[in-house]
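Peer 1: Sequence and computational prediction follow.
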Amino acid sequence: MRHSLQNQNPDFKYSVSPLQYKRLKKHINGILLLDKPLGFSSNQALQKIKWLLQAAKAGHTGTLDPLATGLLPLCFGEATKFAHYLTDADKTYVAIVKLGVTTTTGDAEGEVLSTQPVHISQVQLEQACRQFVGEISQVPPMYSALKHEGKALYEYARAGVEIERKARNVTIHHITLNAFADSVATITVTCSKGTYIRTLAEDIGKQLGCGAHLIGLRRTATANYQITQAMTLEQFEALSAEQRIAALRPADSAVLHLPALTLDADSTYYLQQGQAVWRSGSIPQGLLRLYSEQEVFLGLGEQQSDGKIAPKRLVVDKDKN
């Protein structure tokens, strides 16, 4: 019986048997910036890269729909401890919006609900987009991966069942109109986590009075990572085993927004034993990136009321255990 990964994607092939794969799993640490291909779910992309690396532990950092492409940071090993910083980070998308047509799903996969003529100028479109900059309220779409009683909303939607959803507050930092012709607009959106670009496209269409749906979506940035730094699946597959490991970014690249602090040898030792340690001098408030004198990333810590730095989330070198 074949492993379930093969069932998730017909193009997924094994070079070893499932039992061999289980024995070959490695403790690999780091972050791969993947340019997710069209047609892959985030989990399918993750599982294929995990298999190529023979990695023991992995996780992705924010779902991209199969119809979306672009930046998907994948965390492996100890880097998974910091994945939520990327999941919670602001993200940037390039979205292609078709005005004058609404669909059942809010995107090109759905059936057409209505068609209206579009008599909108570029100035009117820009004005409509500005209405959604700042903190806004969004109702999550039925065709989404949000869970209700253990099932994804899209499962209910496919069965014709409508579930009441509460509106959520999200923040749109910027919307830039890149192009507009033949009722198709290309916009760049920088937003907070939890923003549905599909819903934003529909809401812009409602604001204009003609309706709209999303026909293309590409994520171009997550936190400090950019799509120009990402690697396609084909590029990663073409690498040797050593080159694949070298392509991973260090775990601390996920938390570069936090201030850094270097500990001496004694403090490094006791911190790695789970103990709070002293550090003289001025110490920034809040979470800290901690490093040894050899510039090895130790994990995160935080200053306590007694002045000591307590470990919060440490990196463990499994090869030394």
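Peer 2: That came through, no problem.
Peer 1: mind giving me the domain ranges of this protein?
Peer 2: Split into domains by automatic domain parsing, the chain comes to 4-88+225-251, 91-222, 258-320.
Peer 1: Turn those domains into JSON lines, including mean neighbour count.
Peer 2: Yep, even glycine has a C-beta here, placed from its N, CA and C like the rest. Output for these, formatted as JSON lines (neighbours: other CB atoms under 10 Å):
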{"stretch": "domain 4-88+225-251", "mean neighbour count": "17"}
{"stretch": "domain 91-222", "mean neighbour count": "17"}
{"stretch": "domain 258-320", "mean neighbour count": "15"}
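Peer 1: now those as a markdown table including mean pLDDT?
Peer 2: Listed next are the domains of the chain as a markdown table, based on pLDDT from 0 to 100:
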| stretch | mean pLDDT |
| --- | --- |
| domain 4-88+225-251 | 86 |
| domain 91-222 | 92 |
| domain 258-320 | 92 |
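Peer 1: Where does the nearest residue to residue 174 once chain neighbours are set aside fall, secondary structure wise?
Peer 2: Among residues not flanking residue 174 along the chain, residue 190 sits closest, at 4.5 Å (CB to CB, 6 or more residues apart in numbering). Assigned by DSSP states H and E, residue 190 belongs to strand 184-191.
Peer 1: Just give the strands next to that strand in its sheet, each with its orientation.
Peer 2: In the sheet, strand 184-191 lines up against strand 91-99 (antiparallel), strand 168-181 (antiparallel) (DSSP bridges).
Peer 1: how about those strands, which one is nearest residue 252?
Peer 2: Smallest distance to residue 252 across the strands paired with strand 184-191 (CB to CB): 20.3 Å, for strand 91-99.
Peer 1: Please give the centre-to-centre distance between the next helix or strand along the chain from that closest one and its chain.
Peer 2: For strand 91-99, the following helix or strand on the C-terminal side (DSSP H and E) is strand 101-103. Centre-to-centre, strand 101-103 and its host chain are 27 Å apart (CA atoms, centre = their mean, to the nearest Å).
Peer 1: Where do the helices of the stretch 151-300 of the chain begin and end?
Peer 2: Under the criterion DSSP state H, counting those that start in this stretch, the stretch 151-300 of the chain contains helices at 153-158, 197-208, 233-237, 241-246, 265-272.
Peer 1: tell me what the shortest one is packed against?
Peer 2: The contact analysis (3 or more CB pairs under 8 Å, 6 or more residues apart in numbering; DSSP states H and E) places helix 233-237 against strand 30-36, helix 42-53.
Peer 1: Quick check: closest non-adjacent residue to the residue nearest the centre of the chain.
Peer 2: The structure's the chain has its C-alpha centroid closest to residue 62; by CA atoms, centre = their mean the separation is 3.0 Å. Using CB to CB, 6+ apart and skipping residues adjacent in sequence, the residue nearest residue 62 is residue 87, 5.0 Å away.
Peer 1: can you check residue 265 too?
Peer 2: Here the nearest residue to residue 265 in space, its sequence neighbours aside, is residue 293; by CB to CB, 6+ apart that works out to 6.2 Å.
Peer 1: Mind checking the helices of the stretch 151-300 of the chain for the one nearest to residue 130?
Peer 2: Closest to residue 130 of the helices of the stretch 151-300 of the chain, according to CB to CB: helix 197-208, at 10.1 Å.
Peer 1: Adding distance to residue 307, write the strands paired with strand 184-191 out as CSV.
Peer 2: Output for the strands paired with strand 184-191, formatted as CSV (distance: least, CB to CB, whole Å):
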stretch, distance to residue 307
strand 91-99, 37
strand 168-181, 36
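Peer 1: And stretch 153-164, end to end?
Peer 2: 10 Å (CA to CA, to the nearest Å).
Peer 1: Run through who's touching that stretch.
Peer 2: 105, 140-148, 165 (CB atoms under 8 Å, 6 or more residues apart in numbering).
Peer 1: Which member of those is positioned nearest residue 204?
Peer 2: Closest to residue 204, out of all of the contacts of stretch 153-164 and judged by CB to CB, is residue 141, at 14.5 Å.
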